[in-house]
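Q: Need coordinates for the below:
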Amino acid sequence: MSSNPQLLGWETLGQFLYRKEPGMAILDSQGRLFGKINILDAGAILVILLVLIGIFVYPGATGSVAQVGVQTQAVEIDVISKGVGTSHADAFIKDLQGTKTINLIIRNQPYGQVNLKSVQLLPRNTAVPQPDGSVKALKDPRPELDYSTDMMLTLGGEAKVTKDGYVLGNSKIKIGSLVEMEGLKFNFNGSVVDVRPQ
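A: A predicted model of the protein is given here:
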């Protein structure tokens, strides 16, 4: 390289990078390092590597490292499901009561399996006026209701305890939360009516 003081600084760097002698240039006219590696491709690979390192090595506040100290607790969750359609309600309830675990989906995010602790069939009543002017709740006699079932399920699982309440997976579970329950022969929705420590 020339020692001419006029070639110091950016001019010197430019001449060094773009030498005209064959085989000596760091960057050729097509932007390749040493005539082999495209500098844009090398930059893209470097960015991808940095992103992967950032995700797996330094996960930050939302990653698994930050969750090491999170307290967990066994909880019970009561869920009411209304109008579950089935052609054989008694057989369906009996089959459900024999199920030990079901898959739980919260806000379209699969959580995994939870224990199915109990299934309670809810009565389908209707208000019937009485001759004395009072009203009684009696079983609804409509035959089409034989294909629709109301029930309350009690689920059990491990939840993270946060300042905002209980969290299953990455989803908060609160009264009013809509959940989806899935098993080998069924898939239906329900609404959470109670969450309590076990």
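
Q: remind me which residues of the chain are low pLDDT?
A: 1-35, 58-69 (pLDDT under 70).

Q: hey, where'd the helices end up in the chain?
A: For the chain, the helices defined by DSSP state H occupy 10-17, 39-56, 89-97.

Q: Single out the most deeply packed of the ones you listed.
A: helix 89-97 (a mean of 15; mean count of other C-beta atoms under 10 Å). Just so you know, the C-beta spots here come from the backbone N, C-alpha and C atoms, and that holds for glycine as well.

Q: Show me the contact partners of that helix.
A: 84, 86, 116, 118-119, 121, 146-149, 151, 153, 183, 185-186 (C-beta atoms under 8 Å, 6 or more residues apart in numbering).

Q: quick revisit: so can I have a markdown table of the helices of the chain showing distance to Gln109?
A: Supplementary listing: the helices of the chain in a markdown table, determined by distance: least, C-beta to C-beta, whole Å:
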| stretch | distance to Gln109 |
| --- | --- |
| helix 10-17 | 51 |
| helix 39-56 | 19 |
| helix 89-97 | 23 |
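
Q: do you know which of those helices lies nearest Gln71?
A: Closest of these to Gln71 is helix 39-56, at 25.3 Å (criterion: C-beta to C-beta).

Q: is the residue most central in space within the chain in a bridge, and if so with what?
A: Residue closest to the average C-alpha location in the chain (C-alpha atoms, centre = their mean): Gln109, at 3.5 Å. For Gln109, the beta-bridge partners under DSSP bridges are Ile106.

Q: what sits against Leu178?
A: 107, 189-192.

Q: Over to Lys100?
A: With C-beta under 8 Å, 6+ apart, Lys100 has these contacts: 115-116.

Q: Which of the helices of the chain sits closest to Ser171?
A: Using C-beta to C-beta, these put helix 39-56 closest to Ser171, at 21.2 Å.

Q: Report the backbone C-alpha coordinates of the closest one in CSV.
A: C-alpha atoms of helix 39-56 as CSV (Å, rounded to 0.1, in the frame of the first residue of the first chain):
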residue,chain,number,x,y,z
ILE,A,39,-21.5,-9.4,1.2
LEU,A,40,-25.3,-9.1,1.3
ASP,A,41,-25.7,-12.8,1.8
ALA,A,42,-23.1,-12.8,4.5
GLY,A,43,-24.9,-9.9,6.2
ALA,A,44,-28.2,-11.7,6.1
ILE,A,45,-26.7,-14.9,7.6
LEU,A,46,-25.2,-12.8,10.4
VAL,A,47,-28.5,-11.2,11.2
ILE,A,48,-30.3,-14.6,11.3
LEU,A,49,-27.6,-16.0,13.6
LEU,A,50,-27.9,-13.0,15.9
VAL,A,51,-31.7,-13.4,16.0
LEU,A,52,-31.4,-17.1,16.9
ILE,A,53,-28.9,-16.3,19.6
GLY,A,54,-31.3,-13.7,21.0
ILE,A,55,-34.2,-16.1,21.1
PHE,A,56,-32.5,-19.2,22.5
